[in-house]
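# Provide a 3D model corresponding to the input given below.
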Amino acid sequence: MKNIMFIILGSLLFSSVAFADTVAVTTQVKFIAPAHATSSTATYAFTPSTPISFAVAGKTCTWVSSSSPYGSGGGHGCNYSITVDSAGNIIDAKSNGQGCTASGAPMIKLCK
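Model (predicted):
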């Protein structure tokens, strides 16, 4: 019985996909009438092979991924989050560092 449990556990562990990078985009919404503010977040996790590039708020953001030679290549993963406010501005950009695009203004500047 222990061998069967070990085989099942092993197959579950080795069959799962390992994602190294993530991008989370939070969108803020401001209702005028009735007055209310809310937000939603979409997150995408993936195994990197090229720089991270996506379109949001009418701009294309291109950030460093953790895949070599584009980023740290050290297996740390690049985990990013940004917020798009109700006016369509990209704000509150964060990364976990470790060879990834730096948080704040550097991330926003790379969205053109």
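# with just CA atoms, put stretch 50-65 into CSV.
What follows is stretch 50-65, C-alpha atoms only, in CSV (Å, rounded to 0.1, in the frame of the first residue of the first chain):
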residue,chain,number,x,y,z
THR,A,50,11.6,35.1,-24.5
PRO,A,51,11.1,38.5,-22.9
ILE,A,52,7.7,39.1,-21.4
SER,A,53,5.5,41.2,-23.8
PHE,A,54,1.8,42.0,-23.5
ALA,A,55,-0.6,44.8,-24.3
VAL,A,56,-2.6,46.6,-21.6
ALA,A,57,-4.1,50.1,-21.4
GLY,A,58,-3.3,50.8,-25.0
LYS,A,59,0.4,50.1,-24.5
THR,A,60,2.7,47.2,-25.0
CYS,A,61,4.9,46.3,-22.0
THR,A,62,8.1,44.4,-22.6
TRP,A,63,9.9,43.2,-19.4
VAL,A,64,12.7,40.8,-18.6
SER,A,65,11.8,37.2,-18.1
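# now do the buried residues in it.
52, 56-57, 61, 63-65 (16 or more other C-beta atoms under 10 Å). (C-beta placed from N, C-alpha, C; glycine too.)
# ok, now stretch 97-110?
99-101, 103, 107-108, 110.
# partner strands of the strand or helix carrying V23 and their direction?
Element membership for V23 (DSSP states H and E) is strand 21-31. When sheet partners are counted by DSSP bridges, strand 21-31 sits next to strand 36-46 (antiparallel), strand 79-84 (parallel).
# what's the most buried one of the ones you listed?
Of these, the one with the most neighbours on average (mean count of other C-beta atoms under 10 Å) is strand 79-84, at a mean of 20.
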